[in-house]
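Undergrad: Following is a predicted model, sequence given first.
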Amino acid sequence: MLLVVALLSGCTSLKGFQKMDANSRAKFVCDRDNIVKQYSSTKADYQSKIDHTTQVLERGYRIHKSCRTVLIDRPDVTCTTILERGSKKTTCSQITKTIPQEICNETPVAIDASLEKEHLQQYRDALEKTQIEKSTAYYECHSKIHPMSAEEAFNYYDQQ
């Protein structure tokens, strides 16, 4: 297990794959498999939607956020120091800097609780389906990589 951590912190090489056992190689490759990563990302998206919709239902309303960027004038002081005849002379001047600033307004908006509950169930169903698909993809990857030699597993990993 320490070897896997060592590989994560540096570049992966054939030599590193040769030091791993078959299970560690398969786990290393399948944790980074593009299809498995895509399912992980999709799962995170659905979980975020579930969390947000649950918050909305608990609160009883949505918050519509409207933002715009405005330019703000800010006073600033700039000082310069010069060495003149062995002594330092500092002069300061006041300037105005214009910087962009985002200003947002939040407005509560009524929700249709039954519609939100319907969406919540759809997100939960999709999350469950995605979890099954991710597990299936991981199992298929693991089944493919586990019997491979270190060289074959490394080449598979390297081509992703």
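TA: Done, it's in.
Undergrad: Show the secondary-structure elements that the helix ranked longest in the chain is packed against.
TA: In the chain, assigned by DSSP state H, the helix with the most residues is helix 113-145. Here helix 113-145 touches helix 22-31, helix 34-59, helix 150-158, going by 3 or more C-beta pairs under 8 Å, 6 or more residues apart in numbering; DSSP states H and E. For glycine as for every other residue, the C-beta is placed from the backbone atoms N, C-alpha and C.
Undergrad: Distance from the chain centre to it, please.
TA: Its chain's C-alpha centre and that of helix 113-145 lie 19 Å apart, by C-alpha atoms, centre = their mean, to the nearest Å.
Undergrad: Then stretch 28-43?
TA: So, by C-alpha atoms, centre = their mean, the centroid of stretch 28-43 is 14 Å from its chain's centroid.
Undergrad: Out of the helices and strands packed on helix 113-145, flag the one nearest Ile95.
TA: Set against Ile95 and scored by C-beta to C-beta, the helices and strands packed on helix 113-145 come closest in helix 34-59, at 43.9 Å.
Undergrad: Pull the contacting residues for the closest residue to Tyr46 other than its chain neighbours.
TA: Sequence neighbours aside, Leu127 is the residue nearest to Tyr46 in space, at 4.0 Å (criterion: C-beta to C-beta, 6 or more residues apart in numbering). Residues counted as contacts of Leu127 (C-beta atoms under 8 Å, 6 or more residues apart in numbering) are Lys43, Tyr46, Gln47, Ile50.
Undergrad: For the longest helix of the chain, which residues meet the burial criterion?
TA: Neighbour-count burial for helix 113-145, with 16 or more other C-beta atoms under 10 Å as criterion, is recorded at 116, 119-120, 123, 126-127, 130, 133-134, 137-138, 141-142, 144-145.
Undergrad: deepest of the helices and strands packed on helix 113-145, which one?
TA: Comparing these by mean neighbour count (mean count of other C-beta atoms under 10 Å), helix 22-31 ranks first with a mean of 19.
Undergrad: how far off helix 150-158 does that one point, in degrees?
TA: Calculated by axes from the mean of the first three to the mean of the last three C-alpha atoms, to 10 degrees, helix 22-31 forms an angle of 10 degrees with helix 150-158.
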